[in-house]
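J.: Pasting the sequence and the predicted model now:
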Amino acid sequence: MALALAKHGYAVCFTYLSSAKQARQTLKELRAISPASQMVRCDISKVRAIERAFAFFARRFKRLDVCIANASSFFPTPLPNVTEKEWDNLVDTNLKGTFFTMQCAVRLMIEQEFISRIITMSDVSASLVWRRYAPYTASKVGVQHLTKIFAKEFAPTILVNSIAPGTMLLHPDRDAGLEKDILKKIPLRRLGTPDDIVKAMLFLIESDYITGQTVSVDGGRVLF
Ligand SMILES: NC(=O)c1ccc[n+]([C@@H]2O[C@H](COP(=O)([O-])OP(=O)(O)OC[C@H]3O[C@@H](n4cnc5c(N)ncnc54)[C@H](OP(=O)(O)O)[C@@H]3O)[C@@H](O)[C@H]2O)c1
């Protein structure tokens with residue numbers, strides 16, 4: 001998504017937490033296209049860290065056109081054994097982190113005299129009932145609801161929408177039957193790709209008359 005934005009003329013500031021090596025590589029690729037791009041380490045589950053990342057951004061950039069709240073934690077949590085630590089990890093990263101990222105973004109955006117955009121990342125599972133992922137899916141339902149609240153509150157100058165990916169990338173160590181089982185539940189009969197998400201992101205960035213919506217990019221997975 002960062003590289004696609006750079007190719008469309010944006011200077012990009014992205015965050016990472018633990019993947020410093022991959023982040024440096026991404027920054028190198030970004031700067032080859034868009035030299036002003038930056039990266040900043042940020043633990044999105046901590047409000048102070050989000051505020052520091054936005055302060056870093058504000059010192060280096062004159063305007064904020066698009067904020068994408070993408071960082072997320074994801075792992076199974078079978079119901080009888082969910083721990084407080086697991087709950088806090090998933091909900092603080094995905095829900096609290098998205099809320100305070102949006103709050104920091106709108107503080108910059110409301111001062112601007114042009115239309116700006118926020119895109120949150122939710123998940124098709126927010127519309128399904130996955131028994132092994134309760135804290136994760138509850139956090140993504142929350143993200144979709146926050147998307148509507150921010151869209152209503154900050155219209156007409158800030159457009160806020162969400163992308164709900166279906167299954168895009170599977171873990172390399174997955175068991176062999178998993179992909180087959182998942183494909184049976186996807187009417188378009190393939191997994192999604194990062195490019196499918198990029199297309200939805202660019203659509204939402206170009207659109208002037210859509211706000212408060214969740215765009216499912218899931219090959220029809222939600223129909224099952
Ligand atoms: N991939 C899918 O099939 C799929 C399906 C549905 C929804 N989604 C949603 O789409 C978005 C992107 O998914 P993805 O597959 O790219 O996720 P991913 O590969 O698991 O990457 C998650 C990213 O979030 C960052 N992150 C995790 N915890 C963080 C924290 N506390 N503070 C800051 N950054 C943190 C990680 O940074 P570091 O690596 O630097 O630690 C990593 O770059 C997520 O919101 C996800 O829920 C993905």
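T.: Perfect, thanks for sending it.
J.: from here on, contacts and neighbour counts on C-alpha atoms
T.: Noted.
J.: Name the nearest residue to the residue positioned nearest the centre of the chain, ignoring sequence neighbours.
T.: The central residue of the chain, meaning the one whose C-alpha is nearest the mean C-alpha position (Cα atoms, centre = their mean), is residue 70 at 2.2 Å. In space, and not counting its chain neighbours, residue 70 is closest to residue 121: 5.3 Å by Cα to Cα, 6 or more residues apart in numbering.
J.: can you pull the contacts of that neighbour?
T.: Taking Cα atoms under 8 Å, 6 or more residues apart in numbering as the definition of contact, the neighbours of residue 121 are 68, 69, 70, 143, 162, 163, 164, 165.
J.: Neighbours of the last one, how many?
T.: Other residues within reach of residue 165, judged by other Cα atoms under 10 Å, total 24.
J.: max-length helix in the protein?
T.: Across the chain, the helix with the greatest residue count (assigned by DSSP state H) is helix 134-154.
J.: what about it, distance to the chain center?
T.: Relative to its chain's centre, helix 134-154 lies at 12 Å (Cα atoms, centre = their mean, to the nearest Å).
J.: for it, which positions count as buried?
T.: Neighbour-count burial for helix 134-154, with 16 or more other Cα atoms under 10 Å as criterion, is recorded at 134-148, 150-151.
J.: tell me the average confidence for that helix?
T.: The pLDDT scores in helix 134-154 average 98.
J.: could you say what helices and strands it packs with?
T.: helix 84-91, helix 97-109, strand 116-121, strand 158-165 (3 or more Cα pairs under 8 Å, 6 or more residues apart in numbering; DSSP states H and E).
J.: just the contacts of residue 121 that are near the ligand?
T.: 70, 165 (Cα under 6 Å from any ligand atom).
J.: Export the contacts of residue 121 as JSON lines, with columns for distance to residue 220.
T.: Formatted as JSON lines, the entries for the contacts of residue 121 read as follows, by distance: Cα to Cα, whole Å:
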{"residue": "68", "distance to residue 220": "23"}
{"residue": "69", "distance to residue 220": "23"}
{"residue": "70", "distance to residue 220": "22"}
{"residue": "143", "distance to residue 220": "21"}
{"residue": "162", "distance to residue 220": "17"}
{"residue": "163", "distance to residue 220": "14"}
{"residue": "164", "distance to residue 220": "11"}
{"residue": "165", "distance to residue 220": "10"}
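J.: Which among the helices and strands packed on helix 134-154 is found nearest to residue 185?
T.: Each of the helices and strands packed on helix 134-154 was checked against residue 185 via Cα to Cα, and the shortest separation belongs to strand 158-165, namely 14.2 Å.
J.: Can you list the buried residues in the next helix or strand after the closest one?
T.: Reading on from strand 158-165 to the C-terminus, the next helix or strand found by DSSP states H and E is helix 176-184. By neighbour count on 16+ other Cα under 10 Å, the buried set for helix 176-184 is residue 183.
J.: Show residues contacting helix 176-184.
T.: Here helix 176-184 makes contact (Cα under 8 Å, 6+ apart) with 170, 189, 190, 191.
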